[in-house]
Structures are given as structure tokens and as C-alpha cells.
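1. Predicted model follows, preceded by the sequence.
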Amino acid sequence: MRYVLAAALMVSGGMAQAGGPVVVADEPDVAAVAAPAGHDWTGFYAGLSAISGTFSDDGGLTSDGTGGFGLQAGYLRDFGTLVAGGELAYAKGDYDAFPASDWTSTRLKLIGGYGAGRLMPYGFVGLSKYDVDQTTPLSDTVTIYGVGAKYAVTPKIAVGLEYLVENKTNYDNTGFDLENSEIALRVDYRF
């Protein structure tokens, strides 16, 4: 019986090792999905804007129906979450309440924003040469400030909304304080 048991163990032990050692396959590595790359706001851009707003001075003149259009060109630099740059813009419109009065504004802005991916909220300050074409033309350099937001629809095209205020004490030595408030819908193309 001992011989039968020894023979059975030898045969079964040989069969267990006949195929070689059993190799357990490693589980495949799970690759982490990369987060989508954030939008880079760096670059030159140019665009168009549609403007609506109000005009008033402390002499009692008010126009709630100021409308116009604008052209803008600028450069932004994306530093991660901080975006900074400058913009040169030209805007033209008329005062609905004063049919004989048109206005033009050439603006230089310093822009600071927050790069939140494809969305960039921003603020700005600057100067504007604000001209009023009427019976007696008026012209002066005024301060501007405001806020806005841009959304990158594609890597090259951004749409935005901007609120701008132009104001000046003693506009063109008239003794009147001027304030022009605008909302602009903008479309920019980045080069």
C-alpha cells in the first residue's frame, strides 16, 4: 500500500508540474483620463461690437437710446489664471433724443481678467477721446472703466458682453459733467 500511495503521489505531482508554474496575469494599468486643456487667451484679436446705452450730463440733457457699433483690436497674455492685455477700440453712434448729434469714441483700455478655461471675466480702465458732432462740435479726453466677460466658442472665436462707463468733469470746458454708459455685445476673432 505504501508503494501504491507513493506512486500515486509521484504521478499526480508530476502532472501538476508538467505544464510549468501557473502564471497569474497582472491586471492592466488603469490610465487616468486627462482633464481637457484650458483655453489659452494669449494672442492678438480683432472684432466688432453692437452698442446700446445712455448719455447724460448734469445740465439736464439725457438720452436713453444711444446706439451704435464698434471695432476693437487688442492683445491678451494668459499667465495661467491671470489674463492681462490692452485694447484699442473705435465706437460710433447717435443719440436718439438728439437727432442732430452723433458721437465717436476712440478708446485705449488696460484689461485684467481671470482665465477660467473658456470663460474670461475681466475689468478694465483707460482713456477715451470722446467727440460729439452737433451744431457746436465738442471733444475731450475722458476716463473709462468697466467690466465684461468673454466666452471662447472655438479656439479662434469669442463672444462677449461688456459694460463701459465714460465720464468727464467739465467736458470740453462747457461746465457740464458728462457720463456715457454702454452695454456692448462683442464678437472677436483671435489670430
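-> Arrived safely. Numbers count the residues shown, from 1 in each chain.
2. Pretty sure Gly112 sits against Gly123.
-> Yes: the criterion here is CB atoms under 8 Å, and Gly112 meets it with Gly123 at 5.9 Å. Where C-beta positions appear, they are placed from N, C-alpha and C, glycine not excepted.
3. Pass me the low-pLDDT residue ranges in the protein, would you?
-> Using pLDDT under 70 as the threshold, the predicted model of the chain has low-confidence ranges 1-23, 31-37, 58-64, 96-100.
4. ok, now with 80
-> For the chain, applying pLDDT under 80 flags the ranges 1-38, 55-66, 95-101, 134-136, 170-172, 174-176, 178.
5. So Asp172 lies in a strand, does it not?
-> No: with DSSP: H, G, I helix; E, B strand; the rest coil as the criterion, Asp172 is located in helix rather than a strand.
6. In contact with it, which residues?
-> Applying CB atoms under 8 Å, 6 or more residues apart in numbering to Asp172 gives the contacts Leu138, Ser139, Asp140.
7. Quick check: it vs Ser139, distance?
-> Distance of Asp172 to Ser139, given as CB to CB, to the nearest Å: 6 Å.
8. ok, and the closest non-adjacent residue to the most centrally placed residue in the chain?
-> The structure's the chain has its C-alpha centroid closest to Lys150; by CA atoms, centre = their mean the separation is 2.9 Å. Nearest residue to Lys150 in three dimensions, chain neighbours excluded: Gly160, at 3.9 Å (CB to CB, 6 or more residues apart in numbering).
9. number of nearby residues for that neighbour?
-> Residues near Gly160, counting by other CB atoms under 10 Å, number 20.
10. Please name the bridge partners of it.
-> On the basis of DSSP bridges, Gly160 takes part in beta bridges with Lys150, Arg186.
11. Show the contacting residues for it.
-> The contact partners of Gly160, by CB under 8 Å, 6+ apart, come to Gly148, Ala149, Lys150, Tyr151, Leu185, Arg186, Val187, Asp188.
12. Ok, Leu82 next?
-> Here Leu82 is in contact with Gly112, Gly113, Tyr114, Gly115 (criterion: CB under 8 Å, 6+ apart).
13. That one and Tyr114: what is the separation?
-> For Leu82 relative to Tyr114 (CB to CB), the value is 7 Å.
14. I figured Ser181 hits Thr54, correct?
-> Yes: because the distance of 5.2 Å satisfies CB under 8 Å, Ser181 is recorded as touching Thr54.
15. list the buried ones in stretch 106-125?
-> Across stretch 106-125, burial judged by 16 or more other CB atoms under 10 Å covers Arg107, Lys109, Ile111, Gly113, Gly115, Arg118, Met120, Tyr122, Phe124.
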